[in-house]
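Asks: Sequence below, structure please.
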Amino acid sequence: MPKATLMRHHPVACWTAAFVLLAGCLAGCVASSAQDLAAPPPKPLAPCAWWYGIGQPPTAQEIELAAKRYQVVVLNADQGAAMRRLHQLNSRVKVLVYKDLSSTRNYPGAVDGGQDAVFLPSGIGYVAAQEHHPDWFAQDVNGRRIEWQGYPRHWQMTVWNPDYQQAWTDAVVAEVKREGWDGVLADNDFNSLSHYSSAVLAGTANVTETDRKLRDGLDAFLAKAGDALTNAQKLLVPNVSETHLVPGRWTAHSRFGGAMEENFGFREDGGTGGLLTFRGNEFQELRAQAALGESLLLLVTRTHNAREERSGYASAALLAGPRTCWTRATTDDYRDPEWSTLQDSGLGEAIDAASRLANGVWTRTFTHGWVAVNTTASTQTVVPPEGLVAPGAPAPTATPTPTRTIPPTPTRTSAPTSTPASPTSTPAPPPLTLQAADAVVLVDPQQLVKRGTWRITRDELRIGRLWAR
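Replies: Have a look, this model is predicted:
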C-alpha cells in the first residue's frame, strides 16, 4: 500500500516530523541540497549506452555521435579537448578519464624523449618514480621488477604503499579538477596478479599471499582515492575484477560513484557452462546497487556472436536501473564506438524486479517488452507474455473473432443475425526454448523506435550529490 494512504496530514505531526528530520541532519547526516530533495525519483529504464573510448583518439564525427548516443564516456587523459567538446554538445554526458591504479608505463606516449608525458595513463609517471621513488616499483622474491605479461612496459606498482597511494591520489585529483573531468575510471582494481604475471611478491610466501597483499592494498587505496575525489565532487569508478570470488568486494569498491564489470555475461567453463555473472554473490550485489540507483554500473559484454550479444544485453536489462549502462565489445582494444541494435529495441521502463524461475531462467517485464536469460549450462524453456515479438519482427496478424448464427425464436419476425461467439480463454503463447547461456528480448510491436536516432531522454543523471544536466 502506498505510504500516502497510511499518513494523516496533521499540522502538529508535520511540524514534529520536520523538527526530527532537521535535528537528525544537524546530528551528522550528509547534507542534501534543495535540488536533491525536489528531484523526482529516477526511473529504472532499460540499460543506457556508454562508450569505453580508450582504444584510439576519437574523431570529431565520433564525438558528435557520442553526444547523442551515450550517457557515459571514458577517454584517455590526453583527450581533454574531446571531453570539453562532449560537455559542450551535451552537458548531461558524464565523461571520465582513464587512470590505471596498479601500473606505471614507459611505452611511447607515456614516456617521450626521456620525460613523462604531460597527460599520463597512470597516476604516477615512470620517469618520476624511477628518479625519486624506485621503491614504488613492486619486486618479486628475486628482487626483480614485475613487467606485465602481454602488456610490454607496464610495471606493477606497490599499491599497498601508503606513500604511493597518496601521491597517486594527489596527482589524479589535481588533474581531474584542473581539466574538468567528471571523474575517474580507475583500471586494474584486480583480484589476482596471475592475470598479468606468475610472480610472487617479495615478502610473501606464495601466490595466495601475493594476491591477498594486492587486494588488501587496493581496498585501502580505493578508500583513500575515493574519499578525496568525493570531496572534490568527482566520481571514482574502478574496473573491479572477479567479484564473484570475494563477497562484498563489488559493493565496497563501487561506493564512490560506481564500478565497471569488464566481463559481464561471460560464459564459464571455456564457453560450455552457464553465465559467470550469476555465480556466487556477484549478481546479488549488482542487483542491489542497481536498485538503489545512486551509482553507475558500467557493464561490458565481449561479443563474438549474436548469442553473446543477446545474453549480455538481456542480463543488463535484468539489472535495469537509473544508472545501469551497457555496451558490447567486438574488439579487444576498444578501438571503435560500439552500438547494438538491441539498444534500439525500446523496452521502456522496468515495471517489476527481475525474478528467477525454478529452472534457473531469469525474467523481467518492461512497459514495452520483456526479457529472459537462461543463466544455466543446459537448455531450458520459458513462456513469454502474449503479443510480443523480437525487435525488428513484423507485428503478428490479428485473428478474426469467430461468429455464430442465432436462429429466430418463434416470436421473432426478423432475419437471423450474426453475433460474436461467447468469449473463450485465449491460449497461452507457446513456450520458448532457450539454449544454455542464451537469452531473448521481446518488445511490443507497436513500439516504433527508429534505429540510429536514439537520444538521451532519461531522467537527469544524479549520483549522490553530483548532477549531470
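
Asks: In the protein, what residue spans correspond to helices?
Replies: With DSSP state H, the ranges of helices along the chain come out as 11-26, 34-38, 60-69, 80-89, 126-132, 162-179, 207-231, 249-253, 282-292, 306-318.

Asks: Among the ones you listed, show the one with the smallest mean pLDDT.
Replies: Lowest mean pLDDT within the helices of the chain: helix 11-26, a mean of 36.

Asks: Now do the same contact list for the nearest residue to Asn191 once chain neighbours are set aside.
Replies: Closest residue in space to Asn191, ignoring its immediate chain neighbours: Glu242 at 4.0 Å, by C-beta to C-beta, 6 or more residues apart in numbering. C-beta: built from backbone N, CA, C; applies to glycine. Listed by C-beta atoms under 8 Å, 6 or more residues apart in numbering, the contact partners of Glu242 are 190-192.

Asks: cool, and Asn142?
Replies: Counting by C-beta under 8 Å, 6+ apart, Asn142 has no contacts.

Asks: do Leu319 as well
Replies: 47, 286-287, 290, 297, 299, 354.

Asks: Tell me the one of those nearest Asn106?
Replies: Of all the contacts of Leu319, Asn106 sits closest to Leu299, with 31.9 Å by C-beta to C-beta.

Asks: Dig out what the closest one forms beta bridges with.
Replies: Beta-bridge partners for Leu299, by DSSP bridges, are Glu261, Trp326.

Asks: and it, how many neighbours?
Replies: Number of residues near Leu299 (other C-beta atoms under 10 Å) recorded here: 27.

Asks: Wait, it touches Ala316, no?
Replies: Yes. At 5.2 Å, Leu299 and Ala316 qualify as touching, with contact defined as C-beta atoms under 8 Å.

Asks: Any chance you could list residues touching both of the two?
Replies: Common neighbours of Leu299 and Ala316 (C-beta under 8 Å, 6+ apart) are 47, 264-265, 324, 326.

Asks: so which pair among those residues is furthest apart in space?
Replies: Longest span within the shared contacts of Leu299 and Ala316, C-beta to C-beta: Gly265 and Thr324, 13.1 Å.

Asks: list residues touching both of those two?
Replies: In contact with both Gly265 and Thr324: 299, 316, using C-beta under 8 Å, 6+ apart.

Asks: that older thread, just the closest of the contacts of Glu242 to Gly360, please.
Replies: Out of the contacts of Glu242, the member with the shortest distance to Gly360 (by C-beta to C-beta) is Asn191, at 25.6 Å.

Asks: Quick check: the gap between the closest one and Leu218.
Replies: 9 Å (C-beta to C-beta, to the nearest Å).

Asks: and if you look at Ala82?
Replies: 29 Å.

Asks: can you check Leu432 too?
Replies: 42 Å.

Asks: Those two - which one has more neighbours?
Replies: Leu218 (24 against 15).

Asks: Correct me if wrong: the more buried one contacts Val159.
Replies: Yes. Leu218 is in contact with Val159 according to C-beta under 8 Å; the separation is 5.5 Å.

Asks: what sits in contact with each of the two?
Replies: The contact sets of Leu218 and Val159 overlap at 101-102 (C-beta under 8 Å, 6+ apart).

Asks: check contacts around the nearest residue in space to Val237 that is not next to it in sequence.
Replies: Spatially, and ignoring its direct neighbours in sequence, Val237 is nearest to Gly258 (4.5 Å; C-beta to C-beta, 6+ apart). Applying C-beta under 8 Å, 6+ apart to Gly258 gives the contacts 235, 237, 289, 295-298, 323, 463.

Asks: One more: Glu262?
Replies: Remark: with contacts taken as C-beta under 8 Å, 6+ apart, Glu262 is in contact with 239, 241, 300.

Asks: all strands for the stretch 351-469 of the chain, in order.
Replies: Taking DSSP state E, counting those that start in this stretch as the criterion, the stretch 351-469 of the chain contains strands spanning 355-356, 361-366, 369-374, 380-382, 403-406, 417-420, 432-434, 439-443, 461-463, 466-468.
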